[in-house]
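[1] Return atomic coordinates for the entry below.
(2 chains)
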Amino acid sequence: MPDLLAHALIAYSLATIISWRYDWLSPAYVTVAMAGAFVPDLTKVRLIIASGQVESLVGLPFSWSALHTAGGALVALLVGVTFAAPSERRRVFGLLTLGASSHLLADALLLSPSGRSYAILWPLTQYHPPSPGLYLSTQPGPAVFAALSAIVVCVATRYRSR
Amino acid sequence: MIETPGTRIAAVIFLLVTLFGLAIWFGSLSPAPAVGDYPDQEQLGTAYNQYLGDRITVAGTVLTTDPVVIAATYNTGDVIELRITNLDIDAEPGHTLRVYGIVRPDRHVEALSAVAVAPTGLWYTWTVSFLAGLWALARIIRHWKVSRTLGLERRTAPLSFFGGGPDNDA
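    Next up, the predicted model:
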C-alpha cells in the first residue's frame, strides 16, 4: 500500500490470523512476516545511491526497482532465509513470502495516473496490471484502516487464547 | 547445508550477486506500452522527439501554475521542464505532479489524467514508515538473537525492554 506502517500492520494481521490455525506460529514468527513486508521497499536504497549513480559506476543500465517485483523480492528474502537455522527455514521462508507478497499486492492497488500498476510479476512478465487506484501512498487512510484491523485481530487473538 | 558462518556468507554473496544481475536486467528493459509500461522522463529527457504523439507517464515538481510547468529529473540530476495542459486537477507550486499524457512538440504534454501530491503527504509517509521500521526492529530484537554460527535463532523467552515479565505483546 501506501506507507510501510500500513504494510507492517497488514503483515502482522495476516500472520496473526494464520496463527489461530497453527500453534507453532508464535509472535516471533509474526515478526518474520512483518520483516518480509519491508523487503520490497529495499528499493528505497535509491534515496542513498540513485540507480543512475550505480549506472555510471558500473557502466550498465541499472534499476533498484527490480527489488519491488516478485523475482527481486524473492531473491532478497532468501538472504533472510539463509540466516535461519535449517530446521526453521521452511517456516521463515513461508512467512517472509507472506509479508513480501502482501506488500506487493497492496501496492498494486495504488492510484496511478495511467491506470496501470507496475511489473509485479517480473521477471515472469513485464505486464503492468490495471490498478483499481484505491489510494495514494501519501494518504493516512490505508494505515488507519490497517491499524484498526490489526487492533481487532490482536484483541480477538487474546480472547481466543483465554 | 548452509549453517556455518562461511557457508552463510557464501550464500549471501551469491544472492547479492544474483540481485545485482536482476537490477541490471530490470534497468535494461525498454518501455512496453502494450503491456502498460509507458516511457517516462528518462526516455523523454534523452530523446524527446522520438516519442511525439506517444502516451507517457512523467512525474515532477510543479514550478509554475499558469501555465503549469513541471521539472522532471532524469539521469540523476538532469532536468527536463515540461508544460502540462488539459489538467483536470489543481496544481500548486512545490507539489509533485504525476501525469499520464500524450507527448506534443516543444516540451508540452497533453494530460489524460494526473495526480498531485503535496509535500506534507511525503513527510507523512516518511515519518510513519520510519516508525514502522522501529516497531519491526524492536520486535526482531525482542524475539530473535544472533547465534554463534552467525544465524538468527528464536529466543526461548522474549526479551523484555521495560523490566517487566515476558509477555506476548504486539
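
[2] For chain B, give me the ranges with low pLDDT.
    Judged by pLDDT under 70, chain B has its weakly predicted residues at B:163-170.

[3] Just the residues contacting the longest helix anywhere in chain B, thanks.
    Determined from DSSP state H, the single longest helix within chain B is helix B:119-143. Identification of contacts with helix B:119-143 by CB atoms under 8 Å, 6 or more residues apart in numbering or on different chains yields A:2-5, A:7-9, A:26-28, A:30-31, A:34-35, A:38, A:41, A:136-140, A:143, B:94-96, B:154-155, B:158-161. C-beta: built from backbone N, CA, C; applies to glycine.

[4] what's the answer for stretch A:90-97, then?
    A:15, A:24-25, A:29-30, A:32-33, A:35-36, A:39, A:74, A:77-78, A:80-81, A:84.

[5] what are the ranges of the helices in chain B?
    So, for chain B - with DSSP H - the helices run B:5-27, B:41-47, B:119-143.

[6] Could I get the buried residue list for the one helix or strand A:V153 maps to?
    Element membership for A:V153 (DSSP states H and E) is helix A:141-160. For helix A:141-160, burial by neighbour count (16 or more other CB atoms under 10 Å in any protein chain shown) applies to A:142-143, A:146-147, A:149-150, A:153, A:157.

[7] Could you chop chain B up by domain?
    B:1-30, B:36-117, B:121-154 (automatic domain parsing).

[8] for chain A, which spans come out with low pLDDT?
    Along chain A, segments meeting pLDDT under 70 span A:1-2.

[9] Okay, helices next: where are they in it?
    Under DSSP H, chain A gives helices at A:4-19, A:27-38, A:51-58, A:70-83, A:89-107, A:141-160.

[10] what angle separates the shortest one from helix B:5-27?
    To tie it back to what came earlier, the one meant is helix A:51-58. 110 degrees (axes from the mean of the first three to the mean of the last three CA atoms, to 10 degrees).

[11] Also the longest one?
    Inter-element angle recorded for helix A:141-160 and helix B:5-27: 140 degrees (by the same axes, to 10 degrees).

[12] swap in the fourth one?
    Note on geometry: by the same axes, to 10 degrees, helix A:70-83 and helix B:5-27 are set 170 degrees apart in direction.

[13] Is helix A:70-83 in proximity to chain B?
    Yes: for helix A:70-83 and chain B, the contact criterion (CB under 8 Å from any CB of the partner chain) is met by A:71-72, A:75-76, A:78-79, A:82-83.

[14] Which other helices and strands does the helix holding A:V153 contact?
    Other helices and strands packing on helix A:141-160, by 3 or more CB pairs under 8 Å, 6 or more residues apart in numbering or on different chains; DSSP states H and E, are helix A:4-19.

[15] name the helices or strands packed onto the helix it packs on?
    Contact here means 3+ CB pairs under 8 Å, 6+ apart; on that basis helix A:4-19 packs against helix A:27-38, helix A:89-107, helix A:141-160, helix B:119-143.

[16] what does the third one contact?
    Spelled out, it's helix A:141-160. Contact with helix A:141-160 is made by A:1-3, A:5-6, A:9-10, A:12-13, A:16-17, A:19-20, A:106, A:134-135, B:128, B:170, as judged by CB under 8 Å, 6+ apart.

[17] Got a PyMOL select line for the buried ones in the contacts of helix B:119-143?
    The following PyMOL line selects those of the contacts of helix B:119-143 that are buried, judged by 16+ other CB under 10 Å:
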select buried, (chain A and resi 2+3+4+5+7+8+9+27+28+30+31+34+35+38+41+136+137+138+139+140+143) or (chain B and resi 95+96+154+158)
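
[18] ok so, going back, I'd like the helices of chain B as TSV, with mean neighbour count appended.
    Listed next are those as TSV, based on neighbours: other CB atoms under 10 Å in any protein chain shown:
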stretch	mean neighbour count
helix B:5-27	16
helix B:41-47	18
helix B:119-143	16
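
[19] okay but A:V79 is in contact with B:V17, surely?
    No: using CB atoms under 8 Å, A:V79 is not in contact with B:V17; the gap is 11.6 Å.

[20] show me what contacts the closest residue in space to A:P123 that isn't next to it in sequence?
    Nearest residue to A:P123, sequence neighbours excluded (CB to CB, 6 or more residues apart in numbering or on different chains): A:G71, at 4.6 Å. The contact partners of A:G71, by CB under 8 Å, 6+ apart, come to A:122-124, B:22.

[21] buried stuff in stretch A:116-123?
    Quick answer for stretch A:116-123 (16+ other CB under 10 Å): A:116-122.

[22] Looking at those, which is nearest A:L110?
    For the buried residues of stretch A:116-123, the minimum distance to A:L110 (CB to CB) is 6.7 Å, reached by A:S117.

[23] so who does that closest one touch?
    By CB under 8 Å, 6+ apart, A:S117 lies in contact with A:107-110, A:128-131, B:36.
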